[in-house]
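Peer 1: Based on what follows, work out the 3D shape:
(chains A and B)
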Amino acid sequence: MRARFYLHVGLWCVLFIIFVALSISTVGPAVLENKIGPIEPNHSTDSYLSGLTHVRSGSDLFVQGIETLPRDKSIRILVDAGNSPSEFLGMLVAYLSWPREVQIIRVSPASYSQELAAINKTSVSAVVFCDLKPPVWIKDAAHFGPSITLLPIESLNSNQ
Amino acid sequence: MNLLGLFAAYVTLFAAGLGVVVLLMRRSIRLRQGYGRQAINLIECAALSWLFGSAVVSLLLWLGGIVASGLVLQLFVTLACVALGFIGWRIKKSNAIHFSLPRPNNRLEWVLASLLALELISIFFVSLKHTLGWDGLFNWEIKARYAFLNSGVLPQSYYSSPGRAFSHPEYPLAIPFTELWLYLWMGAPHQFWIKTIFPLFYISGALLLTLFITRLTGKRWLGLLIALLMPFVPFFTASPGGVTVGYADIPLAVFYVAALGYLLLSSESDSRETLFLFGATLTFIPWIKSEGVILWALLALLGLIVGFVRHRIRPFVIAILPGLLLIISWRVYLKAMHAILPSDFAPPTFELLSHNLNRLGTIFSVLLAEASEPSHWSIFWLLAIVAIIYVLAARTFSRVLLAIGLLGPLTLYLATYLFSAWPSYTAHITSSLPRLLLQLMPATWLGIGLALSQTKAGRKEQPLG
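Peer 2: The predicted structure follows:
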């Protein structure tokens, strides 16, 4: 009975020691990395926008740009299908564009002219390209860092 | 103003939670030996106050938002919180209820308790270092923000918008509306301060885990040790989905371990208190995240089994009814809002099941690969397997319940992938399985704690448990 007890204690001690020893190399650095803050209302979205577009305090700036668009028309967001940063940016743009209706369109960067041509210009106020190069004939686009291009629908009409 | 508002939001949340806890415990508060007065364990009360406070406030905001908005809605929920707190205080006064703070009994318990306190504080601050993760931002905070910008109510256009279907409008509102409550009091959305709610779920879970193990084994040092080890699971602390990124998986896991713990206590005693607490924690499981319906269904079934075996079927049926009502109400509401429903899973049919049975091999191989990934889990799942062998070897009713409570959800979760509608179901598994496993992690620690104690059966009641 006593041997069984020691076996029990020994088994769990060994298991816990291995568990903690293997964990500590992952958990330790994770606990120590980063620092608290900045204590900002857009703490997370600013951080993501800064990383992906190199624009600081980007959330407020982007919302200011979107505010110039009519609320009763929707925004088309073009993202590169299969490119995670592009798709993530598309969702960030959708997140910040509230209360405007949005539609995220996943396209192939090589051939999205069809999707662009299919956009109903009467119900759409702007097209946003996320980590996608806009067509070369586009001139009057607003750039938000190197990764986001906002194109008012009038510009799309005049250029096509 | 932000901090004052934040403080008021937390005070009202805890007041509501405290009221619910005292209401649930009032009829069967255990007599504390040596005092001759009725006592509520202060640690248990604080942990449950947070869980019930967040659940009740989010529920009130949702229901109140159907008929009111803006300041009226905020006033209504505040009054309800204050009323609950007041009722709790009156019950405490009229029944001479005393709050007791359990104190460590020996040097080992003091050391472990001090280390645990340090660890809980550290995790709280560590979780403030990170941004909200993908789900934290796009599934949860987004709802809080949009509701705040729309006078405290999520508009119908959000639920039915195809453009925002990526944010899962069908997900329940416990987490986002707890965040909304903070926003309403702070007067503005604030992605930093709402991160404070997530470590509170973890802290509540760790404290309850300690209490369950203490009560079920009679060894408090064991409960403290297990709670101390929990954050050493790398996925919990250092991966997307863990405690630091504002996901709902940890809150769901905490509600699950709470309901399972109280069910085990109910199975070992005739205490009405544990039965009420089982019913209350069970009710809110589907309100945290969609997968909660699976966990709720399993625990409801286990509750019915306990009721049947203990010849107390009626109270257990009553205990599961509020959760059932909540699930149905939420489905009806989504239907009324014309919510876009997810297309991740095909409707389960026998034909599809037989067609996809060949997925089983792949599903298990992905599970094996994930569970043995040391950078996610170390050897946690090996500990779990050893614990389950111990638990089954004990061959007692409550330990078999526990084994089902651990293996059942895993089996059901894996079975859902037979109906995955993703073009690549393996991609579906690899992207979601780690977080499903995380939801079972605290409950598995409970199993490990019970396995470590060689007590075969019988609740070892401790006055301070």
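
Peer 1: give me phi/psi at the most centrally placed residue in chain B?
Peer 2: Closest residue to the average C-alpha location of chain B: residue B:255 at 2.0 Å, with Cα atoms, centre = their mean. Taking degrees, to the nearest 10, you get phi -60, psi -40 for the backbone angles of residue B:255.

Peer 1: In space, what's closest to the closest residue to chain B within chain A - neighbours in sequence excluded?
Peer 2: Using Cβ to the nearest Cβ, the closest approach of chain A to chain B is made by residue A:30 at 3.3 Å. Placement of C-beta: from N, CA and C, glycine included. Distances taken as Cβ to Cβ, 6 or more residues apart in numbering or on different chains place residue B:238 nearest to residue A:30, at 3.3 Å, with adjacent residues excluded.

Peer 1: if I read this right, that neighbour contacts residue A:25, doesn't it?
Peer 2: No - assessed by Cβ atoms under 8 Å, residue B:238 is found out of contact with residue A:25, at 10.1 Å.

Peer 1: follow-up on the earlier one: if I pick the residue nearest to the residue nearest to the centre of chain B when sequence neighbours are not counted, what's in contact with it?
Peer 2: Counting by Cβ to Cβ, 6+ apart, residue B:255 lies nearest to residue B:285, which is 5.0 Å off, once chain neighbours are set aside. Residues near residue B:285 by Cβ atoms under 8 Å, 6 or more residues apart in numbering or on different chains: B:252, B:255, B:256, B:259, B:292, B:295, B:296, B:299, B:323.

Peer 1: residues of the helix or strand containing the last one that come out buried?
Peer 2: Take DSSP states H and E as the rule and residue B:323 turns out to sit in helix B:313-336. Along helix B:313-336, these residues count as buried under the neighbour rule (16 or more other Cβ atoms under 10 Å in any protein chain shown): B:315, B:316, B:319, B:320, B:323, B:326, B:327, B:330, B:333, B:334.

Peer 1: counting contacts, what elements does the lowest-mean-pLDDT helix or strand in chain B pack onto?
Peer 2: Across the helices and strands of chain B, mean confidence by mean pLDDT, DSSP states H and E is lowest for strand B:38-41: a mean of 83. Where contact means 3 or more Cβ pairs under 8 Å, 6 or more residues apart in numbering or on different chains; DSSP states H and E, strand B:38-41 is packed against helix B:2-25, strand B:97-100.

Peer 1: Whichever residue of the stretch 301-450 of chain B sits closest to chain A: neighbour count?
Peer 2: Residue nearest to chain A within the stretch 301-450 of chain B (Cβ to the nearest Cβ): residue B:378, separated by 4.1 Å. Using other Cβ atoms under 10 Å in any protein chain shown, residue B:378 is surrounded by 24 other residues.

Peer 1: Outside of stretch A:68-88 itself, list whatever touches it.
Peer 2: A:48, A:52, A:66, A:89-90, A:93-94, A:97, A:99-109, A:112, A:115-116, A:119, A:123-132, A:147, A:152-153, B:134, B:163.

Peer 1: Show me how far it is from its chain's centre.
Peer 2: 10 Å (Cα atoms, centre = their mean, to the nearest Å).

Peer 1: Report the buried residues of it.
Peer 2: Across stretch A:68-88, burial judged by 16+ other Cβ under 10 Å covers A:69, A:73-80, A:83, A:86-88.

Peer 1: In these, find the pair that's most separated.
Peer 2: A:73 and A:83 (26.9 Å; Cβ to Cβ).

Peer 1: so which of the helices and strands packed on strand B:38-41 comes closest to residue B:269?
Peer 2: Comparing the helices and strands packed on strand B:38-41 by their distance to residue B:269 (Cβ to Cβ), the top pick is helix B:2-25, with 14.4 Å.

Peer 1: how many neighbours does residue 25 have?
Peer 2: Looking at chain A here, since you left the chain open. Residue A:25 has 12 nearby residues by other Cβ under 10 Å.

Peer 1: that's the other chain; I wanted chain B
Peer 2: The burial count for residue B:25: 24, using other Cβ under 10 Å.

Peer 1: per-residue pLDDT, it?
Peer 2: Turning to residue B:25, the model gives it a pLDDT of 87.

Peer 1: picking that back up, how distant is the helix holding residue B:323 from the center of its chain?
Peer 2: Put simply, helix B:313-336 sits 17 Å off its chain's centre (Cα atoms, centre = their mean).

Peer 1: what's the helix or strand just after it in contact with?
Peer 2: Where DSSP H and E defines the elements, the next helix or strand beyond helix B:313-336 is helix B:350-356. Residues from elsewhere that reach helix B:350-356, judged by Cβ under 8 Å, 6+ apart: B:346, B:418, B:419.

Peer 1: could you redo the last one with a cut-off of 10 Å?
Peer 2: With contact meaning Cβ atoms under 10 Å, 6 or more residues apart in numbering or on different chains, helix B:350-356 is reached by B:346, B:349, B:363, B:415, B:417, B:418, B:419, B:420, B:421, B:425.

Peer 1: any idea which helix or strand comes after it?
Peer 2: Next along from helix B:350-356, by DSSP H and E: helix B:360-371.

Peer 1: Pull out the buried residues from that next one.
Peer 2: Applying 16+ other Cβ under 10 Å to helix B:360-371 flags B:363, B:366, B:367, B:370, B:371 as buried.

Peer 1: Surely the first one and residue B:420 touch.
Peer 2: The reference is to residue B:363. Yes - using Cβ atoms under 10 Å, residue B:363 is in contact with residue B:420, at 9.4 Å.

Peer 1: Pass me the low-pLDDT residue ranges in chain B, would you?
Peer 2: Residue ranges of chain B with pLDDT under 70: B:1, B:27-37, B:454-465.

Peer 1: returning to that earlier point: widest-spaced pair of the contacts of helix B:350-356?
Peer 2: B:349 and B:363 (18.4 Å).

Peer 1: what number of residues lie near the residue of the stretch 101-250 of chain B found nearest chain A?
Peer 2: Taking Cβ to the nearest Cβ, chain A has its nearest neighbour within the stretch 101-250 of chain B at residue B:238, 3.3 Å off. Residues lying near residue B:238 (other Cβ under 10 Å) number 22.

Peer 1: Just want the angle from the host helix or strand of residue B:276 to helix B:2-25.
Peer 2: Here residue B:276, judged by DSSP H and E, is contained in helix B:272-288. Going by axes from the mean of the first three to the mean of the last three Cα atoms, to 10 degrees, helix B:272-288 is angled at 130 degrees with respect to helix B:2-25.
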